[in-house]
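A.B. asks: quick one, fold the following:
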Amino acid sequence: MDIIHRNSKTTSHFSIQYLLAGSWQPERIKTVEFEKALLDNGLDFSETHLYEKGFVLTRSQPSPLQIKIESPGPQVMTIGVLSQNPQYDLEMFCRDAQAVTLAFERTWPAEHYQLLTTTGKIHHLYSSGTHAFKYLWEERLGQFPQDFAALGNRPVAGGGLRLLMPPHAVEGSEPVSIELRIESFLRETNKLFVETVFTWPRPRMVNKNGGFDPQGFMEQIENFAANEVWTFMTHTRNPQD
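C.D. replies: Below is the predicted model:
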């Protein structure tokens with residue numbers, strides 16, 4: 001019987017962020033235009049926070065969603081779309097993210113946009129038949145509980161793995177860097193927390209009318225998490241090997 005239950009997977013976070021070249025300043029009149037463009041694309045937000053370098057729009061229904069547009073430095077700006085504890089699936093998040101980029105194009109029109117990097121993130125939770133860290137330490141890594149005696153026999157409540165993979169192209173695909181965290185979820189110790197972050201570092205020109213393609217980026221992350229990451233974290237070894 002599998003210790004980690006694949007069909008127990010739930011998603012606790014979706015986000016995508018675009019870093020663009022170019023000067024940009026938050027203006028209240030433009031924020032209102034942007035909100036109207038969002039509404040025309042089916043997105044309504046209940047809270048608006050305008051600050052010196054940008055603004056944040058937030059809603060809680062029908063699924064939590066936050067939009068953040070800011071200028072973090074000279075001649076660069078970011079567009080971020082985030083859903084914490086989403087109440088819908090990846091396809092619906094991508095539809096919302098696409099609506100955000102279309103509203104951005106309508107409010108700040110240009111023939112094309114210079115995209116410097118794109119970063120996407122997904123969090124998954126899996127149920128385990130035992131303490132998730134016990135599974136990682138003893139089953140996945142083939143280590144022994146007695147090893148912690150070297151730390152003064154202190155109890156270990158949780159832990160995990162963090163992997164950093166530099167930009168790399170596979171089978172002719174675009175280079176991507178990957179950050180991966182697999183660890184026990186401290187609030188519910190029988191759950192395994194998995195964070196998968198992709199960053200595409202190659203600059204590109206984005207044409208108007210839907211060229212930001214959030215679905216294309218986010219599906220790459222989801223597929224990698226569902227296949228390669230799942231295989232990696234469930235491949236156990238015998239401690240005697």
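A.B. asks: quick check, residue 96 in a strand?
C.D. replies: No: in this structure, residue 96 is helix, not part of a strand, as judged by DSSP: H, G, I helix; E, B strand; the rest coil.
A.B. asks: surely it meets residue 64?
C.D. replies: No: assessed by C-beta atoms under 8 Å, residue 96 is found out of contact with residue 64, at 10.7 Å. C-beta here means a position set from N, CA and C on the backbone, and glycine is covered the same way.
A.B. asks: between the two, what contacts are shared?
C.D. replies: residue 83 (C-beta atoms under 8 Å, 6 or more residues apart in numbering).
A.B. asks: more neighbours, those two?
C.D. replies: residue 96 (22 against 16; other C-beta atoms under 10 Å).
A.B. asks: so what's that one up against?
C.D. replies: If you count contacts by C-beta under 8 Å, 6+ apart, then residue 96 has 43, 65, 81, 83 around it.
A.B. asks: please convert the residues you listed to CSV, extending it with pLDDT, secondary structure and neighbour count.
C.D. replies: Supplementary listing: the contacts of residue 96 in CSV, determined by pLDDT from 0 to 100; DSSP: H, G, I helix; E, B strand; the rest coil; neighbours: other C-beta atoms under 10 Å:
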residue, pLDDT, secondary structure, neighbour count
43, 96, coil, 18
65, 98, strand, 24
81, 98, strand, 27
83, 98, strand, 23
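A.B. asks: pick out whichever of these sits closest to residue 193.
C.D. replies: residue 83 (16.9 Å; C-beta to C-beta).
A.B. asks: shouldn't the closest one be in contact with residue 65?
C.D. replies: Yes: between residue 83 and residue 65 there is a contact under C-beta under 8 Å: 5.3 Å.
A.B. asks: quick check, residue 161 in a helix?
C.D. replies: No: going by three-state DSSP, the assignment for residue 161 is strand, not a helix.
A.B. asks: can you pull up the bridge partners for the residue nearest the centre of the chain?
C.D. replies: Centroid-nearest residue in the chain: residue 121, 1.3 Å away (criterion: C-alpha atoms, centre = their mean). Here residue 121 sits in beta bridges with residue 15, residue 197, going by DSSP bridges.
A.B. asks: please apply the same query to the one 5 residues further on.
C.D. replies: With DSSP bridges as the criterion, the beta-bridge partners of residue 126 are residue 192.
A.B. asks: OK, contacts around it?
C.D. replies: Neighbour list for residue 126: 4, 5, 6, 8, 9, 191, 192, 194 [criterion: C-beta under 8 Å, 6+ apart].
A.B. asks: go again with 6 Å.
C.D. replies: Residue 126 makes contact with 4, 8, 9, 192, according to C-beta atoms under 6 Å, 6 or more residues apart in numbering.
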